[in-house]
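Chemist: coords please:
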Amino acid sequence: MNPKHWPNIVSALRIALMPAVLAAAIAGSRLWFVVLIVIALTTDALDGALARWLDAFSELGRKLDSAADYLTLIVGLAGIALLWPDILHRELTWIVTGLIAFFTVVVYGFIRLGRAPCYHTWATKALAVACALSLIPLLGGGSPVPFRVVIVLQVLAALEEVAIVMIVPWHVGQVATLWHARRIRRAGMAPPARQPVTSN
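Modeler: Below you'll find the predicted structure:
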């Protein structure tokens, strides 16, 4: 198998895990839900690391990774609502804040670019792992502080992505940080020229 396909396989694995995650939640198994969702969130960082290591970036990979992110978010929230309704109620303000930050980037991307940005910045990749780790004490009856810290950082990461869209609204592909976006801008990369419209 071509190693260039490995990042896409990892993203596809995350999608494939979602029926099992949802089944665990419906069955009332908190343990298996946590184990599977932590694995899924960890693969979100792994596929990006593999893509960088193998220089295996592609439009398909970006879209697959984003689709896996959205699905993991939806299934994860559904599972928490089923298994920990009291925690969902207590942390609702924080959860809604995180969702607003997440979808603000998507909506602004569609407004500005006509598509979701799919930048997969270093911050968002690191936060995927941090979120997985923060769920362990949160759902285990421990401190909610790590989860709340992750939400604050998620808001900052979302602001970074919005700023990247503003700086390089024509760029298609991975942009690791705002600093990288500024480098792209300074390099003078221009948006692709539009083809003239001709009438027959």
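Chemist: What separation do you get for the residue nearest to the spatial centre of the chain and residue 117?
Modeler: Among the residues of the chain, residue 69 comes closest to the average C-alpha position under Cα atoms, centre = their mean, at 4.7 Å. For residue 69, the distance to residue 117 under the criterion Cβ to Cβ, to the nearest Å works out to 12 Å. Every C-beta, even on glycine, is put in place using the N, C-alpha and C of the backbone.
Chemist: what sits up against the helix or strand of the chain with the lowest mean pLDDT?
Modeler: Ranking every helix and strand in the chain by mean pLDDT, DSSP states H and E puts helix 30-54 at the bottom, with a mean of 83. Contact with helix 30-54 is made by 3-4, 6-8, 10-11, 13-14, 17-18, 20-21, 24-25, 56-57, 61, 65, 68-69, 72, 75-76, 79, 83-84, 120, 125-126, 128-129, 131-133, 135-136, 139-140, 174, as judged by Cβ atoms under 8 Å, 6 or more residues apart in numbering.
Chemist: Over to stretch 141-158?
Modeler: Where contact means Cβ under 8 Å, 6+ apart, the residues beyond stretch 141-158 that reach it are 87, 90-91, 94-95, 97-98, 101-102, 104-105, 121, 123-124, 127, 130-131, 133-138.
Chemist: Which elements pack onto the helix or strand encompassing residue 125?
Modeler: For residue 125, the element it lies in under DSSP states H and E is helix 122-139. Other elements packing on helix 122-139 under the criterion 3 or more Cβ pairs under 8 Å, 6 or more residues apart in numbering; DSSP states H and E are helix 30-54, helix 59-83, helix 145-167.
Chemist: Out of those helices, flag the one nearest residue 110.
Modeler: With respect to residue 110, and counting by Cβ to Cβ, the nearest of these is helix 145-167 at 10.3 Å.
Chemist: Buried residues, that closest one. List them.
Modeler: Residues of helix 145-167 classed as buried: 146-148, 150-151, 153-155, 157-158, 160-162, 164-165, 167 (neighbour count, 16 or more other Cβ atoms under 10 Å).
Chemist: go on, stretch 101-118?
Modeler: Within stretch 101-118, the residues that qualify as buried by neighbour count (16+ other Cβ under 10 Å) are 101, 102, 105, 106, 108, 109, 113, 116, 117, 118.
Chemist: Of these, which pair is most distant in space?
Modeler: Put simply, by Cβ to Cβ the two of these set farthest apart are 101 and 113, 18.0 Å from each other.
Chemist: wait, what's in contact with the residue nearest to the centre of the chain?
Modeler: For residue 69, the set of contacting residues under the criterion of Cβ under 8 Å, 6+ apart consists of 44, 128.
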